[in-house]
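Peer 1: Structure here, sequence nowhere to be found:
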């Protein structure tokens, strides 16, 4: 997919979540959005998902400008597969019913057909055993996988994943990341905000660094993460990688150095 | 003696429960039989037995009035709860005024004003209709607050999820909010129903022919006050006890399902 932002700004009161971001990302399949918490990642993703209209600016996705009328936004939200950090699922519905709800109600798929789609996906992602369970009976990792399955089921134009693993413990993180990596292998377009730099490098072909409401650096993931040009990105990566063993080893291999050797 | 205390964790033993209930029942029975014994009252049950048909009719009328009022109060309560969340301010304030004025005044006064002033002005003469309406308005005010609290209790993250998957606001109410609120509301609605049943006795003041009015009439015919009113208490208990028991069971079930 292609993504163009022109002077996109968003304020919440006095807080400038996004400051006139202008950027053009050529053809990509998977975009990782990284940066410190509170830097504007979530706001950008919410705008892309059609959940928050920006105060100003233009967003062009695959050559089509996003419209901000309520009807257009609803249509856009229906075309995007959005997954939040946590609490994606409705607690009163079983995993399967959670997947059926948007299919049947928002997309008008006949219940029978929707059931077949859901069952096939549950089977494929090894969730069939949990189809009848409520979210409270599932682990955090299983809940996120069901949320991703719900997004897959509607065959979205692209996925928007906002730190889908940041509320999970490491073991569960792995199972969710595996699933996202599979989406990538299937060639689905996705935009993902993540704190996991190793995953960002593996799963994305482009990487966007956002801090303080500004898009400070954008480029091919491997290069950008290995040889950051912007000093804030270099500092951010140094902090993000300092305590992660395999990340550091990997990083060394790829020629990155100097960021983590604080005495 | 020690085994009569509930353990700090888990449920008390069956025997302990049975003995404790027995103690309480014996105490209550002792207290009342002493009080009634001291009364030196000439009981006249046969006179009352003559009027058993009248008691039954009144009891059935109370059941019907309460059932209709429960349905009415649910409709009014839902409308008021949604109105209070409306973006249209006059509607929101009208609902607030309704809820606060109903909750802040005695039901007795509401019934009198509704019947002798409002219904009279609009030419409505059916006291049953006015009675059901009065009870519905009264219980509806309380229900609307419960429904509002239930809706407010749905986390923002869920509304956000509903938006993200492309549900319209109406679909969000229908498929996300109401099913969860309804579940939470089952126990308090059962409690409200028990209240309506007891409150319906006040309709006797506008001569609605329900249970209490019938007991009053029997008393007037027979001059047997206690014999008229004791069956009345029993008749209400017969309705409210099962409801309160059911509400307790439902509460437990929905509590675990959450």
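Peer 2: Happy to help now that I have it. Only a predicted model underlies this, so the values are computations on that prediction, with no experimental measurement involved.
Peer 1: and the strand or helix carrying residue B:228, which residues are buried?
Peer 2: Counting by DSSP states H and E, the element that carries residue B:228 is helix B:225-257. Across helix B:225-257, burial judged by 16 or more other C-beta atoms under 10 Å in any protein chain shown covers B:227-228, B:231-232, B:235-236, B:239-240, B:243, B:247, B:251. Bear in mind the C-beta positions are built from the backbone N, C-alpha and C, glycine included.
Peer 1: and if you look at stretch A:207-218?
Peer 2: A:207-211, A:213-218.
Peer 1: Most widely separated two among those residues?
Peer 2: Distances among the buried residues of stretch A:207-218 were taken as C-beta to C-beta; the most separated pair is A:207 and A:213, at 17.9 Å.
Peer 1: surely residue A:164 meets residue A:83?
Peer 2: Yes: with contact defined as C-beta atoms under 8 Å, residue A:164 counts as touching residue A:83 (5.0 Å).
Peer 1: Just list the residues touching the closest residue to residue A:118 other than its chain neighbours, thanks.
Peer 2: Leaving aside its sequence neighbours, residue A:118 sits nearest to residue A:99 (C-beta to C-beta, 6 or more residues apart in numbering or on different chains; 4.4 Å). By C-beta atoms under 8 Å, 6 or more residues apart in numbering or on different chains, residue A:99 lies in contact with A:118, A:121-122, A:146, A:149-150, A:153.
Peer 1: Buried only: go through those for me.
Peer 2: Looks like those have A:118, A:121-122, A:146, A:149-150, A:153 buried, using 16+ other C-beta under 10 Å.
Peer 1: Tell me the residues of chain A that contact chain B?
Peer 2: When proximity is defined as C-beta under 8 Å from any C-beta of the partner chain, chain A approaches chain B at A:49, A:51, A:74, A:77-78, A:80, A:82, A:84, A:86-92, A:101-102, A:105-107, A:134, A:136, A:150, A:154.
Peer 1: The one helix or strand residue A:31 maps to: partners in the sheet, and parallel or antiparallel?
Peer 2: When elements are assigned from DSSP H and E, residue A:31 belongs to strand A:30-34. Applying DSSP bridges to the sheet, strand A:30-34 is found paired with strand A:190-193 (parallel), strand A:206-211 (parallel).
Peer 1: Run through who's touching the helix or strand following the shortest one.
Peer 2: From strand A:190-193 onward toward the C-terminus, using DSSP H and E, the following helix or strand is helix A:197-203. For helix A:197-203, the surrounding residues in contact (C-beta under 8 Å, 6+ apart) are A:30, A:32, A:34, A:177, A:180-181, A:184, A:192, A:194, A:207, A:221-222, A:225, A:237, A:240-241, A:244, A:246-247, A:250.
Peer 1: if we go to 6 Å?
Peer 2: Here helix A:197-203 makes contact (C-beta atoms under 6 Å, 6 or more residues apart in numbering or on different chains) with A:30, A:32, A:34, A:177, A:181, A:184, A:194, A:221, A:225, A:240, A:247.
Peer 1: Out of those residues, which end up buried?
Peer 2: Buried among the contacts of helix A:197-203 (16+ other C-beta under 10 Å): A:30, A:32, A:34, A:177, A:184, A:194, A:221, A:225, A:240, A:247.
Peer 1: Spatially, which two of those are the most separated?
Peer 2: A:184 and A:240 (20.8 Å).
Peer 1: circling back: what's the closest of the contacts of helix A:197-203 to chain B?
Peer 2: Checking the contacts of helix A:197-203 against chain B with C-beta to the nearest C-beta, the nearest one is residue A:194 at 18.3 Å.
Peer 1: re earlier: buried subset of the residues of chain A next to chain B, written for ChimeraX?
Peer 2: If you want just the buried ones from the residues of chain A next to chain B in ChimeraX, going by 16+ other C-beta under 10 Å, the selection is:
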select /A:49,51,74,77,78,80,82,84,86,87,88,89,90,91,92,101,102,105,106,134,150,154
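Peer 1: what's the pLDDT at the residue of the stretch 151-263 of chain A found nearest chain B?
Peer 2: Nearest residue of the stretch 151-263 of chain A to chain B: residue A:154, at 7.7 Å (C-beta to the nearest C-beta). pLDDT, residue A:154: 94.
Peer 1: Now for it: which residues touch it?
Peer 2: A:102, A:107.
Peer 1: With adjacent residues omitted, what lies nearest to whatever residue of the stretch 1-150 of chain A ends up closest to chain B?
Peer 2: Closest residue of the stretch 1-150 of chain A to chain B, C-beta to the nearest C-beta: residue A:78 (3.4 Å). For residue A:78, ignoring the flanking residues on the chain, the nearest one in space by C-beta to C-beta, 6+ apart is residue B:166 at 3.4 Å.
Peer 1: For that neighbour, give me phi and psi.
Peer 2: Dihedral pair for residue B:166: phi 90, psi 30, per degrees, to the nearest 10.
Peer 1: now swap in residue B:76 and tell me
Peer 2: Torsion angles, degrees, to the nearest 10, at residue B:76: phi -70, psi -40.
Peer 1: list the contacts for the residue nearest to it when sequence neighbours are not counted?
Peer 2: In space, and not counting its chain neighbours, residue B:76 is closest to residue B:140: 3.2 Å by C-beta to C-beta, 6+ apart. Counting by C-beta under 6 Å, 6+ apart, residue B:140 touches B:73, B:76-77.
Peer 1: pretty sure residue A:160 belongs to a strand, no?
Peer 2: Yes: checked against DSSP: H, G, I helix; E, B strand; the rest coil, residue A:160 lies within a strand.
Peer 1: Residue of the stretch 1-150 of chain B nearest chain A, please.
Peer 2: For the stretch 1-150 of chain B, C-beta to the nearest C-beta, closest residue to chain A: residue B:150, 12.3 Å.
Peer 1: so which of the buried residues of helix B:225-257 would you say is closest to chain A?
Peer 2: Closest to chain A, out of all of the buried residues of helix B:225-257 and judged by C-beta to the nearest C-beta, is residue B:251, at 16.6 Å.
Peer 1: Can you report how many residues neighbour the closest residue to the closest one other than its chain neighbours?
Peer 2: Of all residues not flanking residue B:251 in the chain, residue B:187 sits nearest, at 3.9 Å (C-beta to C-beta, 6+ apart). Residue neighbour count, defined by other C-beta atoms under 10 Å in any protein chain shown, stands at 21 for residue B:187.
Peer 1: how close does residue B:187 sit to residue A:204?
Peer 2: 50 Å (C-beta to C-beta, to the nearest Å).
Peer 1: same deal with residue B:128?
Peer 2: Counting by C-beta to C-beta, the gap from residue B:128 to residue A:204 is 71 Å.
Peer 1: again with residue B:171
Peer 2: Taking C-beta to C-beta, one finds residue B:171 at 34 Å from residue A:204.
Peer 1: tell me the contacts of residue B:29?
Peer 2: Counting by C-beta under 6 Å, 6+ apart, residue B:29 has no contacts.
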